[in-house]
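**Student:** Return atomic coordinates for the entry below.
(one chain, ligands or ions: 1)
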Amino acid sequence: MHFAVVSLFPEMVGTIGQYGVVGRALQRELITLELENPRDHASDAHRTVDDRPYGGGPGMVMKFEPVAAALELAKGKLPDGCPTVYLSPQGQAFDQAMAKRFSALPGMVLLAGRYEGIDERLIESRIDEEVSLGDFVLSGGEIAAMAVIDAVVRLLPGVLGDEESAVQDSFVGGLLDHPHYTRPEVVAGRRVPDVLLSGDHAGIARWRDKQALGRSHQRRPDLLKKLDLTDEQQTLLDEFLKEQRL
Ligand code: 4GT
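**Tutor:** Just a heads-up that it's a prediction; the model follows:
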């Protein structure tokens, strides 16, 4: 899959390719990452990319022309059929289902804004989709673009090893993850739950499913409401809640 990011801080975005899963995917040529800076497309000697907002008020707005030129060049480096996505709090909420949809694309152009954002006419004429990571404000769209790339790359065939892929199946089930423990058996006066030391693989799987259901119920009831629990899952949740009351 091919990614291009348009940003005033391309080096910041480029660091995503230096570490971990995305770094490995880049090395193995499972993905490509192109970076384009609107400042390289400014027309004046000062390389101006921002200007004052019409109507007044604080802050600056990214100008149409340099951003449009950067987007055009970025899109030209990718195969046909790659949408342009603008990251902003006004966008549709990003979630695992959206990551899955993006992972089926040949590639995507991600636009990261700065200042108060971009001229609205860019959104109207050059943006296919506006995406938000959630109801909070960042100083720029770069971290949001990097988060989207990370979530999407993890879903591409061959990127994760068998072991890592299995872990991922848990959230694909629409639930929170179960708790994790590693050595030592006792730390800070707290023991690892006995079942995890039992070697009873079916018992361990059942305990983990129960924890995932119980934690989702307690912390994210919105997630559980979206699911139609099987009879087995309902039994596990009932058990979790009963054990909780003891
Ligand atoms: C929050 C998000 C985002 C920002 C989010 C335009 C200039 C937007 C600064 C940018 N803040 N971008 N994508 N919640 N800030 O996803």
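**Student:** how about the strands in the protein?
**Tutor:** 2-6, 32-36, 50-51, 61-62, 84-93, 107-112, 129-132, 186-187, 190-191 (DSSP state E).
**Student:** Let's have those in CSV, adding distance to the ligand.
**Tutor:** For glycine as for every other residue, the C-beta is placed from the backbone atoms N, C-alpha and C. Output for those, formatted as CSV (distance: least, C-beta to the nearest ligand atom, whole Å):
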stretch, distance to the ligand
strand 2-6, 12
strand 32-36, 17
strand 50-51, 11
strand 61-62, 8
strand 84-93, 4
strand 107-112, 7
strand 129-132, 4
strand 186-187, 36
strand 190-191, 35
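**Student:** Format those strands as JSON lines; extra columns: mean pLDDT and mean neighbour count.
**Tutor:** Formatted as JSON lines, the strands of the chain follow (pLDDT from 0 to 100; neighbours: other C-beta atoms under 10 Å):
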{"stretch": "strand 2-6", "mean pLDDT": "99", "mean neighbour count": "26"}
{"stretch": "strand 32-36", "mean pLDDT": "99", "mean neighbour count": "19"}
{"stretch": "strand 50-51", "mean pLDDT": "98", "mean neighbour count": "17"}
{"stretch": "strand 61-62", "mean pLDDT": "98", "mean neighbour count": "20"}
{"stretch": "strand 84-93", "mean pLDDT": "98", "mean neighbour count": "18"}
{"stretch": "strand 107-112", "mean pLDDT": "99", "mean neighbour count": "25"}
{"stretch": "strand 129-132", "mean pLDDT": "99", "mean neighbour count": "17"}
{"stretch": "strand 186-187", "mean pLDDT": "98", "mean neighbour count": "10"}
{"stretch": "strand 190-191", "mean pLDDT": "98", "mean neighbour count": "10"}
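**Student:** Lowest-scoring secondary structure element of the protein by mean pLDDT?
**Tutor:** One helix or strand of the chain scores below all others by mean pLDDT, DSSP states H and E: helix 162-172, with a mean of 72.
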